[in-house]
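Predicted structure and sequence below. I'll ask about it afterward.
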Amino acid sequence: MALLNILVYPDERLKQVSQPVKKFSEELNQFVKDLEETFHSFPGCVGIAAPQVGRFERIVLVDVSQKPQHVNHGFLVLVNPEIIFYDGTSLGREGCLSVPNYTGRVQRAKLIVLKAHDVNGEQHEFRMSGYEARAVQHEIDHLEGKLFLDRLVNRRNALTKRTELSL
Amino acid sequence: MKNWLMLTLVGKDQAGIVAKISQALFDLKGNLGETSMTRLGGNFTIMLMVCTPEKKSTVQEKLQAVCDDLELFFHLDEIEGGLHQHVEPDVRISIHGADQAGIVAQATDISNKAGLNILNLESDVVGHPGNPVYILHMEGVAGNGIEVLDKSLQIFALENDVVVHVTPIDTMVG
């Protein structure tokens, strides 16, 4: 087990698109353990993506169980995740380990259906909403080389009633 | 130690204010920090932090020329930078109702007594000019908890015939 270094914006590598995992090996398993240890070393953090530690493969960890007020699936290892259905929109505040000292409001789908492999290569399907769906969308953005900064909603516009109604 | 100034500026809104002021500061080797620039009614307002190797008097002189041309008023203060110290809000408060004097004073007094530290407040007057509606949004840290704040503000809402929404902000960090 090892703590991995987090890439911090404006590191250009955070803009790199990650490649699908092709081999579900023991090495992958070991990397996921290291990523999990790194993830849990940041209290309050609910997700991490492999490119945040400089590995440009489509691997994401999400764990919203520390916030039981939000419906969640517990600790998830999502390999080659793919969102196959989106519904609704929701505005919420996000921060990122790779963007220290800043949070902002971002619009995300309220409900998603997600397909992903686990660390052993077995495929699963999840239906997620609200906070957990937000976390997964944030992490999958990292796999596409995107940060929440790319999706910020202007502060003053975010306050208009029309936008509030779209929650 | 870096030499930070706070520029406060106001004047009749017109195209080009931001570009001309920013250019004047850039010409003084100024580096901008956090800023707020927005139109309020028919006016344009700027509050911005600028770090420059020049003396305050030099900045004053340069800006005076630009602001005289644009008929803008401005003020400069020496300040401490204080960047990279963002405080995260944990509550958002929205208030709306028929426009009446004292909404902000009462709402913020009640919120203060209920432990709220305001980090950001914005308000608008909207609707028909003959029957205006006031909309107020605040974000802050509820020092005594959100329930205490909500309870106090709901009493205020009933007494003043306005609608108050108090919403927790649960920042997702990933």
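Received it, and whenever you're ready, just let me know what you need.

For the rest of this, base every contact and every neighbour count on C-alpha atoms.
OK.

domains of chain B?
B:4-79, B:91-168 (automatic domain parsing).

do you know which of those lies nearest A:H40?
Shortest distance between A:H40 and these, using C-alpha to C-alpha, is found for domain B:91-168: 24.5 Å.

For the chain, just list every one of the strands.
No chain specified, so I'll use chain A. A:47-49, A:59-63, A:75-96, A:99-117, A:123-129 (DSSP state E).

switch to chain B, that's the one I care about
For chain B, the strands defined by DSSP E cover B:4-12, B:31-40, B:43-51, B:72-79, B:91-98, B:116-128, B:131-142, B:163-168, B:172-173.

got these as a markdown table, with distance to A:Q123 and mean pLDDT columns?
Formatted as a markdown table, these follow (distance: least, C-alpha to C-alpha, whole Å; pLDDT from 0 to 100):
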| stretch | distance to A:Q123 | mean pLDDT |
| --- | --- | --- |
| strand B:4-12 | 55 | 98 |
| strand B:31-40 | 46 | 96 |
| strand B:43-51 | 52 | 98 |
| strand B:72-79 | 57 | 98 |
| strand B:91-98 | 39 | 95 |
| strand B:116-128 | 45 | 94 |
| strand B:131-142 | 42 | 95 |
| strand B:163-168 | 35 | 96 |
| strand B:172-173 | 26 | 95 |
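
For chain A, find the nearest of those strands.
With C-alpha to the nearest C-alpha as the criterion, chain A lies closest to strand B:172-173 of these, at 4.4 Å.

Show me what that closest one is packed against.
Contact here means 3 or more C-alpha pairs under 8 Å, 6 or more residues apart in numbering or on different chains; DSSP states H and E; on that basis strand B:172-173 packs against strand A:75-96, helix A:130-143.

for the ones you listed, which one ends up most surrounded?
Among the helices and strands packed on strand B:172-173, helix A:130-143 has the highest mean neighbour count (mean count of other C-alpha atoms under 10 Å in any protein chain shown), at a mean of 24.

Show me what stretch A:96-109 is in contact with.
Residues from elsewhere that reach stretch A:96-109, judged by C-alpha atoms under 8 Å, 6 or more residues apart in numbering or on different chains: A:6-9, A:45, A:52, A:86-95, A:133-134, A:137, A:148-149, A:151-155, A:158, B:84-86, B:88, B:171, B:173-174.

Could you do stretch B:9-23 as well?
For stretch B:9-23, contacts defined as C-alpha under 8 Å, 6+ apart pick out B:39, B:42-47, B:63, B:66, B:70-75.

Return the residues of chain B in contact with chain A.
B:H84, B:Q85, B:H86, B:E88, B:E122, B:H137, B:I169, B:D170, B:T171, B:M172, B:V173, B:G174 (C-alpha under 8 Å from any C-alpha of the partner chain).

which residues touch the first one?
Put plainly, it is B:H84. Under the criterion of C-alpha under 8 Å, 6+ apart, the neighbours of B:H84 are A:N101.

That one and B:I169, how far apart?
21 Å (C-alpha to C-alpha, to the nearest Å).

One more: the third one?
Applying C-alpha to C-alpha, one obtains 15 Å for the distance of B:H86 from B:I169.

more neighbours, these two?
B:I169 (17 against 12; other C-alpha atoms under 10 Å in any protein chain shown).

Run through the residues that contact the more buried one.
Taking C-alpha under 8 Å, 6+ apart, we find B:I169 in contact with A:G92, A:R93, B:P89, B:D90, B:V91, B:R92.

Serialize the strands of chain B to a markdown table and add fields for mean neighbour count.
Shown next, in a markdown table, are those (neighbours: other C-alpha atoms under 10 Å in any protein chain shown):
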| stretch | mean neighbour count |
| --- | --- |
| strand B:4-12 | 20 |
| strand B:31-40 | 14 |
| strand B:43-51 | 20 |
| strand B:72-79 | 16 |
| strand B:91-98 | 20 |
| strand B:116-128 | 15 |
| strand B:131-142 | 19 |
| strand B:163-168 | 17 |
| strand B:172-173 | 22 |
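
can you redo those as TSV with distance to A:I59?
Output for the strands of chain B, formatted as TSV (distance: least, C-alpha to C-alpha, whole Å):
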stretch	distance to A:I59
strand B:4-12	43
strand B:31-40	35
strand B:43-51	40
strand B:72-79	45
strand B:91-98	33
strand B:116-128	36
strand B:131-142	35
strand B:163-168	31
strand B:172-173	17
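
between those, which gets nearest to A:G74?
strand B:172-173 (15.4 Å).

Run through who's touching the closest one.
A:44-47, A:92-97, A:131, A:134-135.

gap between the two ends of stretch A:15-28?
Per C-alpha to C-alpha, stretch A:15-28 runs 22 Å from first to last residue.

do the same with stretch A:115-134
15 Å.

so how far is it off the chain centroid?
Remark: stretch A:115-134 is offset 11 Å from the chain centroid, using C-alpha atoms, centre = their mean, to the nearest Å.

and it, anywhere near chain B?
Yes: using C-alpha under 8 Å from any C-alpha, we find that stretch A:115-134 touches chain B at A:Y131, A:R134.
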